[in-house]
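Novice: 3D, please:
(chains A and B)
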Amino acid sequence: MNKIAALAGVVIKELYRRKDFYVLFVLTALLTLGAGSVNFFNDDKIVRYVKDICLLLIWVSALVIAVVTTARQIPAEREARTIFPLLAKPVSRGHVIVGKFLGCWLATGVALFVFYFFFAIITGSKEQIWPWLGYLQALWMHWVMLAVVIAMVLLGSIYFAAPSSTSTITIIVVAGILLLGGHLNTIALSQPEPIQGLLSFLYFVMPHLEWYDLRDFVVYDMGMISLRALALATVYGAVWTGIFLLLAWLGFRRKSLTT
Amino acid sequence: MKISPLLSLVALLALAFTLATGLVGSADNWSGRAKSNNLFGMLFGDGRKLFANQFFTMADVYFHSGYYPSVFDKNAEEQKEIIAASHGKKESEEEEKNEDFLGRPKNWIDAFGRNFKITQHTHLENHSEREILPWLRLAADLDPQKLETYTVGAFFLREHLNRPDQAEKFLREGLRNNPDSPEILLELGRVYHESYHDATRARNVWQLGVKKFRQQTPEQQKENKITGDGLMVNLAHLEDEAGNYGAAIQWFQAAQQISPAPAALQKQIDDIRKKMNGDIPAKPK
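Specialist: As a prediction, this is how the structure comes out:
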């Protein structure tokens, strides 16, 4: 466990030394404050559009941070040849995979916490209400979804040639699932065979990341989801994270480390 | 011959300046975008109208607090409820039931996924309707010729948010962009009549609306029957309230030509005739 924690600590340090997070946070803050300062029909109580824009920016920024940070972990170690001294120590390839995952996930969690805290402060100052539990639920679900994404990117970084291709492919897949995931079954019904069967199969076997998007509940003040659903979604996310990490480990175990 | 780089730079700058002085006048005419009076027009050209429709839809999504069919669901193409509401239409229980676009869950993934979706059909109320306004403002900026944006926005500002001053301002802006629109004049008249109780200005605006309606082509009149009917019936009620029974009957009769319910209007004409004969006492002014 100590080895995994040490590996994770290095990844977290890397995140706050790099500029990605700061740039995306400043951009999100500026755009949100800019949107919030616009006056519509002399009514200063209008707030939902600010929440909507801010949450969208948080989702995009968090996804970019998670994908870009994770995609370069193993390729960078291989390119700099630091993977050899690392594996020369009593650290297995499995430790590397889990340590890198944990580091990226925790680092993304810290970034998410800062983003959501900013969101709560900005919207709370306009609305004068602070539904902290609702925000915590949204943050937790978002973080669980990012665990699946980070594990997916780690898997991609084992098989794809460059971090850029891993990042691009993962972002397309995740965006596709978020936009179409819940509708794939409906789309399948209007298609001829064999596309219908293929889409239905895909619908049942893909990770349903769209479940973790609770933005509408926050934006429209629709309260909270049931704790049972939250717990089940967390287990579902953990299972998919485990599947991707296992596949990544299986690939990494046989991978030649010379470039 | 060796040319000094500094001299070349000065020569090129002089050439660019000279060309600019000659071309600046005609360059403005190369594209219609430069003439556009708002930023969106300049940036997107006519493509901005696509975004305007999307923002108008967003207003309807907000009106339903996120409970809204996607392009993949049934009911996706139905008329937007903010438009129906601005026409004074109230939903029956049956209609609300029909709008349950989700239906029964198709499988366990769909059923479980509904825990994370908004599944209740609600409408904004108690002044929360203000939340749709930013999207209508953006839609109006992106497509100043989209009439519903002004009429729907003004309806919610006047009827739900008690802001007739802002409703009038928005409609005036719409009228500047669409000077021949009877729809905007109908709504503007309502602001004067129902919010300001200014019968004279309401009459003038509605009469102008009827004039603009009658100037339209027969096809346009057929499409805008509800607007024409609304203008004439409102004028008839206005004259009835003012005690100008003859004028009221004339407006009702004009409305009968285009109204989908001429029998109901005939009943109102008969009532006015009774009032004229003294059978029914006139309402006190």
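
Novice: Okay, now the unreliable bits of chain B?
Specialist: B:28-43, B:74-82, B:86-100, B:279-285 (pLDDT under 70).

Novice: in it, which residue is closest to the centre?
Specialist: Taking CA atoms, centre = their mean, the centroid of chain B lies closest to residue B:148, which sits 2.1 Å from it.

Novice: which non-adjacent residue is nearest that residue?
Specialist: residue B:83 (5.7 Å; CB to CB, 6 or more residues apart in numbering or on different chains). (Each C-beta comes from the backbone N, C-alpha and C, glycine too.)

Novice: Give me the neighbour count for the one you found.
Specialist: Look at residue B:83: counted by other CB atoms under 10 Å in any protein chain shown, it has 16 neighbours.

Novice: in what helix or strand does the residue in the stretch 151-285 of chain B that chain A sits nearest to lie?
Specialist: Residue of the stretch 151-285 of chain B nearest chain A, by CB to the nearest CB: residue B:166 (4.6 Å). Assigned by DSSP states H and E, residue B:166 belongs to helix B:164-177.

Novice: Residue B:65 too?
Specialist: Counting by DSSP H and E, residue B:65 is found in no helix or strand.

Novice: How about the contacts made by the residue lying closest to residue A:247 once chain neighbours are set aside?
Specialist: What sits nearest to residue A:247 in space, not counting adjacent residues and going by CB to CB, 6+ apart, is residue A:155, at 5.2 Å. Applying CB atoms under 8 Å, 6 or more residues apart in numbering or on different chains to residue A:155 gives the contacts A:244-245, A:247-248, A:251.

Novice: phi, psi of residue A:155?
Specialist: Backbone torsions for residue A:155, taken as degrees, to the nearest 10, come to phi -60, psi -50.

Novice: Could you measure from it over to chain B?
Specialist: Distance, residue A:155 to chain B, by CB to the nearest CB, to the nearest Å: 22 Å.

Novice: rewinding a little: pLDDT-wise, what's the bottom of the contacts of residue A:155?
Specialist: The lowest pLDDT within these belongs to residue A:251, with 88.

Novice: In space, what's closest to that one - neighbours in sequence excluded?
Specialist: Counting by CB to CB, 6+ apart, residue A:158 is the residue found nearest to residue A:251 once chain neighbours are left out, at 4.1 Å.

Novice: if you average pLDDT over the helix or strand harbouring that neighbour, what comes out?
Specialist: Using DSSP H and E, residue A:158 maps to helix A:132-159. On average, the pLDDT along helix A:132-159 is 94.

Novice: and it, which residues are buried?
Specialist: Neighbour-count burial for helix A:132-159 flags A:134-135, A:137-158 (criterion: 16 or more other CB atoms under 10 Å in any protein chain shown).

Novice: Which single residue in chain B comes nearest to chain A?
Specialist: Closest point on chain B to chain A, by CB to the nearest CB, is residue B:115, at 3.6 Å.

Novice: can you pull the pLDDT of the residue nearest to that residue when sequence neighbours are not counted?
Specialist: Closest residue to residue B:115 in three dimensions, ignoring its sequence neighbours and counting by CB to CB, 6+ apart: residue A:229, at 3.6 Å. You'll see residue A:229 listed with a pLDDT of 93.

Novice: What residues does the stretch 51-200 of chain A have near chain B?
Specialist: Residues of the stretch 51-200 of chain A lying close to chain B by CB under 8 Å from any CB of the partner chain are A:141, A:182-183, A:185-187.

Novice: Nearest to residue A:48 among those?
Specialist: For those, the minimum distance to residue A:48 (CB to CB) is 19.8 Å, reached by residue A:141.

Novice: Without its sequence neighbours, what residue ends up closest to the closest one?
Specialist: residue A:212 (4.3 Å).

Novice: confidence score at that neighbour?
Specialist: So residue A:212 comes in at 94 (pLDDT).

Novice: OK, now which residue of the stretch 101-250 of chain A is nearest to chain B?
Specialist: The minimum distance from the stretch 101-250 of chain A to chain B, using CB to the nearest CB, falls at residue A:229 (3.6 Å).

Novice: so that residue touches residue B:114, yeah?
Specialist: No - counting by CB atoms under 8 Å, residue A:229 does not reach residue B:114; the two are 9.3 Å apart.

Novice: Run through the helices of the stretch 151-285 of chain B in chain order.
Specialist: Secondary structure of the stretch 151-285 of chain B by DSSP state H, counting those that start in this stretch: the helices cover B:164-177, B:182-190, B:199-214, B:218-223, B:225-242, B:245-256, B:262-277.

Novice: What residues sit buried inside the first one?
Specialist: Read it as helix B:164-177. Buried-residue list, helix B:164-177, by 16+ other CB under 10 Å: B:164, B:166-171, B:173-175, B:177.

Novice: CA-only coordinates of stretch B:249-262 in CSV, if you can.
Specialist: Output in CSV follows, covering the C-alpha atoms of stretch B:249-262 (Å, rounded to 0.1, in the frame of the first residue of the first chain):
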residue,chain,number,x,y,z
ILE,B,249,-70.4,44.8,-33.4
GLN,B,250,-68.4,45.8,-36.5
TRP,B,251,-65.2,44.4,-35.1
PHE,B,252,-66.9,41.2,-34.0
GLN,B,253,-68.4,40.8,-37.5
ALA,B,254,-65.0,41.4,-39.0
ALA,B,255,-63.5,38.8,-36.7
GLN,B,256,-66.2,36.3,-37.7
GLN,B,257,-64.8,36.2,-41.2
ILE,B,258,-61.5,34.6,-40.0
SER,B,259,-62.4,33.2,-36.6
PRO,B,260,-62.4,29.4,-36.0
ALA,B,261,-65.5,29.9,-33.7
PRO,B,262,-67.8,32.4,-35.4
